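Asker: need coordinates for the below:
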Amino acid sequence: MEYATIEAFRSDPEKVWRFYGPRISMLTDAEPNAAHHALAELEELGLVAAVVTQNIDLLHARAGSREVIEVHGSIRTCTCPHCGASHSLERVLAMLEERPDDAPRCASCAAVLKPDVVFFGELLPEQAMERAYELARAAGMLLVVGSSLEVFPVAGLPDETLAAGGKLAIVSLGETSFDRRAAVRIEASAAEVLPEVARVVSQ
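Answerer: As a prediction, this is how the structure comes out:
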């Protein structure tokens, strides 16, 4: 609550950046894993329509997924809350490297930039959520990967699929509230399961 709320950012954006700055740098150094690549391959095969993700790390796009719905935003850009100017991740990283102890500031008005991620207390992006619900209702099978299905409103997407007559498959470590309603439930790492799925269906 000290760093991840919109109230915290508004009251002390420099403090929030001292927390987020090193983490954004770490996220840009991370590489997509086998599960990210497998989902991109399944999309290429026409078996995955899109990826709806709560992650902000851009790894799905970097793995090759073409339609990625980022319902919690992403680190791709930062926006100036004062003048609305958008700044690319590359520019923000350069600012952090030049002045690691300072919050990145708008090139136009010098206000502290806000990462384009959804903080607690902010609404999820309306267009992204509308697309996520549209996809869930149209899905013959909704594949849930690595989620506990506890964070709403995204946790409600399986209900949309099931109500529309679709099926649910869950690949995750740990129980979810939808386990008994899933047509397929695999208790395992997605990085192990999804590449095997892609291998089998591509034969």
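
Asker: any idea how far the top helix by length along the chain is from the chain center?
Answerer: With DSSP state H applied, the helix covering the greatest number of residues in the chain is identified as helix 13-29. For helix 13-29, the separation from the chain centroid amounts to 17 Å (computed by C-alpha atoms, centre = their mean, to the nearest Å).

Asker: contact partners of that helix?
Answerer: 2-3, 8-9, 56-58, 75, 89, 92-93, 96, 100-104, 112, 114-115 (C-beta atoms under 8 Å, 6 or more residues apart in numbering). Glycine gets a C-beta too; all of them are placed from N, C-alpha and C.

Asker: can you pull out the strands in this structure?
Answerer: With DSSP state E, the ranges of strands along the chain come out as 51-53, 68-70, 73-79, 86-88, 114-117, 141-145, 167-171, 184-186.

Asker: now for the last one, which elements pack on it?
Answerer: Strand 184-186 is packed against strand 167-171, with contacts defined by 3 or more C-beta pairs under 8 Å, 6 or more residues apart in numbering; DSSP states H and E.

Asker: partner strands of the strand it packs on, parallel or antiparallel?
Answerer: Partner strands for strand 167-171, per DSSP bridges, with pairing direction: strand 141-145 (parallel), strand 184-186 (parallel).

Asker: what comes up buried for that strand?
Answerer: Going by neighbour count (16 or more other C-beta atoms under 10 Å), the buried part of strand 167-171 is 167-171.

Asker: pLDDT and distance to S65 added to these, as a markdown table?
Answerer: Shown next, in a markdown table, are these (pLDDT from 0 to 100; distance: C-beta to C-beta, whole Å):
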| residue | pLDDT | distance to S65 |
| --- | --- | --- |
| K167 | 98 | 22 |
| L168 | 97 | 20 |
| A169 | 97 | 18 |
| I170 | 97 | 19 |
| V171 | 96 | 16 |
